[in-house]
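Visitor: Fold the following.
(chains A and B)
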Amino acid sequence: MNAAADRLARGVRRLGAAGGAGPLGRWFVIALPYLWLAVFFLIPFLIVLKIAFANIQLSMPPVEPVVTWTADHVLQLRLHFSNFAFVFGDELYVAAFLNSLKVAGVSTALALLLGYPMAYGIARAPGAWRNVLFLLVVLPFFTSFLLRVYAWLGLLGRNGPINDLLLALGLIREPLQMLQTDFAVYLGMVYSYLPFMVLPLYSAIEKLDLTLLEAAADLGCRPTKAFFRITLPLTKEGIFAGCLLVFIPAVGEYVIPALLGGPDTLMIGRVVWDEFFGNRDWPVASALAIVLLAILSGFVLLLQRVQAREREA
Amino acid sequence: MNTVAAQRAASAPTAAAPYVRIDRLTKRFGDFVAVRQVSLEIARGEIFCLLGGSGCGKTTLLRMLAGFETPTEGAIYIDGVDVTQVPPYERPVNMMFQSYALFPHMTVSQNVAFGLQQDGTARAEIESRVREMLMLVKLDGYEKRKPHQLSGGQRQRVALARALVKRPKLLLLDEPLGALDKKLREHTQFELVNLQEKLGVTFVIVTHDQEEAMTLATRIGVMRAGEILQVGSPTDIYEFPNSRFVADFIGSVNLTEGTLIEDEPDHVRIDCPQLGGTVYVDHGVSSPPDATLSVAIRPEKIHLSRERPEQQDNVLSGVITGIAYLGDATRYLVRLPTGLVLRVTAPNVFRRDERLAHDETVWLHWHPSAAVVVTR
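Guide: Next comes the predicted model:
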């Protein structure tokens, strides 16, 4: 332990010496998160990548090794692309991907439609109120995500308070089937990820110079039009950030569709789970995860390029 | 700087019907009265300056003209129409903001075109008017730039073009030169006046800078604590201030208190203990007898000499305690036997001169018309 710490410190010192300019502290500050990411993200990712190219076998772990050292002193690297062929060949997986993208897309859109007015209201609220409203947005994080999703199970159930209320009001005769529907999944998604939408939007809207709106009004622009011509374009960065923060975790979401969705709510997170734990097919599960990562990286890159072009123009 | 003011005064419209009429306007924010019972008339084609320190209510008054604030009491008429309740986007008024408030996501020409697009002007006309306007403010060639790619002076001109392109009846300018450095400021002052003359738009300018007000304005309204203390041409405000505050606020002044000892219709004599003598003024003063008066004498109206001047009145003697050579003029501080220190400015007419020195005893004198008597 101590030896490792010493080695790390020496390494950092060497980094500092190599950089020449910066003081040691700066290198340390930069190196630490990268080290963290390397250990807890890059290495696991490489393991998953390796498994995605392996063959299934009955053992523990249930995969053939990719790199082998044969008896006749040959280092063998065997990459099985069959897992990816299988993933793209099977309609179930393609459908799961498409459905995940659809659910995430719709959830993101709903969160944006709901979150923008919220963020706007908070940003424009008088000083003392702003802090309270802001706290209320963050407050759900005080409770575990899993517990909050479980709470919806109770709320949406056949004998839950929502059905009870609707029955009491005489709006319905029979309890509504809300659990195990797409409605419940969207509700859970929007509910869970709304803060991630509101926070970046809030910081973007709050930064907006209000004299710009006065200038627009002064030039004959009505408030609604000024919103679309001034406020919306100038808070675009917040919209991009919020949508990314909601969309990316929503695509791979497992808990919400598993708890609130029905058997036909096909989402990739659940498929990966089933492959991994149900079928014990680690290679296919890994291949699915890699494809998912590739799709999401594609989205992020696309968005970054759009933003970069915006800034240049 | 006074040439422009003079030029403006000469071309000022005479006795036209008021173009902008502000009628007993009051604005309260909670308990705070920002603007109190202000009435004002501004003629067509005028450059009217609201001058005052920060928090005097000048900006609130301007914002009420633009429609951003609703008056608590009173009314605003523009060209005979009551616009008090008209929202800003329907007023025939445009404003140039202190921060310029250019739309950062739009190019220069998009910024200028914005106002015309709101009126549904035809595309071809928008283009030609934007081009024309950018030529006028000498920004042709910058159409495709974004505000952050412009210098402060260029941004100011875009803001001006954007506000003028709609040919408003009234242009409001909030500290129009405040963000520019001194050299650019002087240059822009003249351009602004030229532009105003060319277009014939009525300007209302808010400023805390008295030099800016003097240079630009046909008339100035001096504000304090939500009220307008005096309205007049720059010359009126400077030479005939109606109160201690105005005399002190505009330019530099020696202020002292005194009581009337001789009150004739054509002249008065005031005893000023702080000066250690009397001041003779060649005009009458309307004031109750025994009232305490203030006497204001501008530094440049006091003459210094080594020899005792011939005149009998308005002569004092003192010791020079401070000298500041400014090139065009020299400022002196002269301490009177009473201990009061007077400020005196003397033009440096000759290149070589036997200049007055520190600790030298000098005579001060001024013309009977030089002193201004104010009663409040």
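Visitor: How about A:Gly262, nearest residue that isn't a chain neighbour?
Guide: Leaving aside its sequence neighbours, A:Gly262 sits nearest to A:Gln180 (Cβ to Cβ, 6 or more residues apart in numbering or on different chains; 3.5 Å). All C-beta spots, glycine's among them, are computed from the backbone N, C-alpha and C.
Visitor: The one you found against A:Gly261, yeah?
Guide: Yes. At 6.4 Å, A:Gln180 counts as touching A:Gly261 under the criterion of Cβ atoms under 8 Å.
Visitor: ok, which residues in the stretch 1-150 of chain A are in contact with chain B?
Guide: Not one residue of the stretch 1-150 of chain A sits near chain B, judged by Cβ under 8 Å from any Cβ of the partner chain.
Visitor: What is the neighbour count of whatever residue of the stretch 1-150 of chain A ends up closest to chain B?
Guide: Among the residues of the stretch 1-150 of chain A, A:Pro126 lies closest to chain B, at 13.0 Å counting by Cβ to the nearest Cβ. If you count neighbours by other Cβ atoms under 10 Å in any protein chain shown, A:Pro126 ends up with 6.
Visitor: Would you mark the buried spots in the strand or helix carrying A:Tyr186?
Guide: Element membership for A:Tyr186 (DSSP states H and E) is helix A:182-207. Neighbour counts over helix A:182-207 (16 or more other Cβ atoms under 10 Å in any protein chain shown) mark A:182, A:184-206 as buried.
Visitor: what does stretch B:44-62 give?
Guide: B:44-52, B:56-62.
Visitor: and of those, the nearest to B:Gly318?
Guide: Set against B:Gly318, the nearest of the buried residues of stretch B:44-62 by Cβ to Cβ is B:Leu51 (32.4 Å).
Visitor: where does chain A have low pLDDT?
Guide: Applying pLDDT under 70 to chain A flags residues A:1-22, A:312-313.
Visitor: domain assignment for it?
Guide: Here the domain parsing of chain A from automatic domain parsing is A:2-77, A:84-312.
Visitor: In which helix or strand does the closest residue to B:Asp313 other than its chain neighbours reside?
Guide: Among residues not flanking B:Asp313 along the chain, B:Tyr280 sits closest, at 3.7 Å (Cβ to Cβ, 6+ apart). Taking DSSP H and E as the criterion, B:Tyr280 maps to strand B:277-281.
Visitor: Endpoint to endpoint, stretch B:25-38 covers what distance?
Guide: End-to-end distance of stretch B:25-38: 5 Å, with Cα to Cα, to the nearest Å as the criterion.
Visitor: what about it, near chain A?
Guide: No. Stretch B:25-38 stays clear of chain A (Cβ under 8 Å from any Cβ), getting no nearer than 13.0 Å.
Visitor: Which residues outside that stretch are in contact with it?
Guide: Residues outside stretch B:25-38 that contact it (Cβ atoms under 8 Å, 6 or more residues apart in numbering or on different chains): B:22, B:24, B:39, B:57, B:60-61, B:64, B:69, B:71-76, B:225-228.
Visitor: B:His333 belongs to a helix?
Guide: Small correction: residue B:333 is Leu, not His. No. B:Leu333 is assigned strand when assessed by DSSP: H, G, I helix; E, B strand; the rest coil, not a helix.
Visitor: Remind me which helix or strand the nearest residue to A:Ile172 once chain neighbours are set aside belongs to.
Guide: Nearest residue to A:Ile172 in three dimensions, chain neighbours excluded: A:Leu166, at 4.8 Å (Cβ to Cβ, 6+ apart). Using DSSP H and E, A:Leu166 maps to helix A:161-168.
Visitor: ok, B:Leu199 - how many residues close by?
Guide: By other Cβ under 10 Å, 14 other residues sit near B:Leu199.
Visitor: contacting residues for the closest residue to it other than its chain neighbours?
Guide: Leaving out its chain neighbours, the residue that sits closest to B:Leu199 by Cβ to Cβ, 6+ apart is B:Leu164, at 6.5 Å. With contact taken as Cβ under 8 Å, 6+ apart, B:Leu164 is in contact with B:94, B:133, B:136, B:171, B:195, B:199, B:201.
Visitor: likewise A:Ala250?
Guide: With Cβ under 8 Å, 6+ apart, A:Ala250 has these contacts: A:103-104, A:107-108, A:189, A:193.
Visitor: No further queries at this time; thank you.
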